[in-house]
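Undergrad: generate coordinates for the sequence data below:
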Amino acid sequence: MANEDNGMGKGLLVGFLTGAAVGSIIALLFAPKSGKELRTDIKNKSQEFMDDAEGYLSNAKEKATQLINEGKKKSERLVAETKEKVDSLLDEAERILVEAKDKAGTVATAGKEKIEKESERLKSALKAGMDAYKAEKEA
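TA: Model prediction:
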């Protein structure tokens, strides 16, 4: 869309300058003056036309430079913001991973302790059963 606006503005500028030049030439040619005066007027008008064109070109260059600089600043700011967000997301992901490892370690430790308790209880029950069997067999 910006490119379309620039093309339209460029066409408008060229049309304006062309119209101004043609209008100036026609006005000079139809003015009742001698050849020398006419040449002087044409020279002066063409110099004015060139000065105006240079002014428009200078303004266009300044505007383009401003737009380029604004674009650079915006892109640099966008890159910095994106980097900050990525760093923040990476820090959060690392924190979640550490937290998950801690929880997994806690669950594994609790599970191991429970298995050891149950193992001891089963060993005690088995020993009691064997002792009762031996006592019954001897009696």
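Undergrad: tell me which helix or strand of this protein sits lowest on mean pLDDT?
TA: Lowest mean confidence among the helices and strands of the chain (mean pLDDT, DSSP states H and E): helix 2-30, at a mean of 71.
Undergrad: residues touching Ala104, list them.
TA: Under the criterion of Cβ atoms under 8 Å, 6 or more residues apart in numbering, Ala104 has no contact partners. Just so you know, the C-beta spots here come from the backbone N, C-alpha and C atoms, and that holds for glycine as well.
Undergrad: can you tell me the SS state at it?
TA: helix (DSSP: H, G, I helix; E, B strand; the rest coil).
Undergrad: mind checking pLDDT for it?
TA: On pLDDT, Ala104 comes in at 85.
Undergrad: could you do Asn69 as well?
TA: So Asn69 comes in at 96 (pLDDT).
Undergrad: now it: how far from Ala20?
TA: Asn69 sits 31 Å away from Ala20, going by Cβ to Cβ, to the nearest Å.
Undergrad: the two: who's more crowded?
TA: When Asn69 and Ala20 are compared for neighbours, Ala20 comes out ahead with 15 against 10, by other Cβ atoms under 10 Å.
Undergrad: skipping its backbone neighbours, what lies nearest that one in space?
TA: Phe49 (6.5 Å; Cβ to Cβ, 6 or more residues apart in numbering).
Undergrad: now name the helix or strand holding that neighbour.
TA: Assigned by DSSP states H and E, Phe49 belongs to helix 35-138.
Undergrad: ok now that helix, how far from the chain's centre?
TA: Between the centre of helix 35-138 and the centre of its chain there are 12 Å (Cα atoms, centre = their mean, to the nearest Å).
Undergrad: and the gap between the residue nearest the centre of the chain and Gly71?
TA: Taking Cα atoms, centre = their mean, the centroid of the chain lies closest to Leu78, which sits 4.2 Å from it. Distance, Leu78 to Gly71, using Cβ to Cβ: 10 Å.
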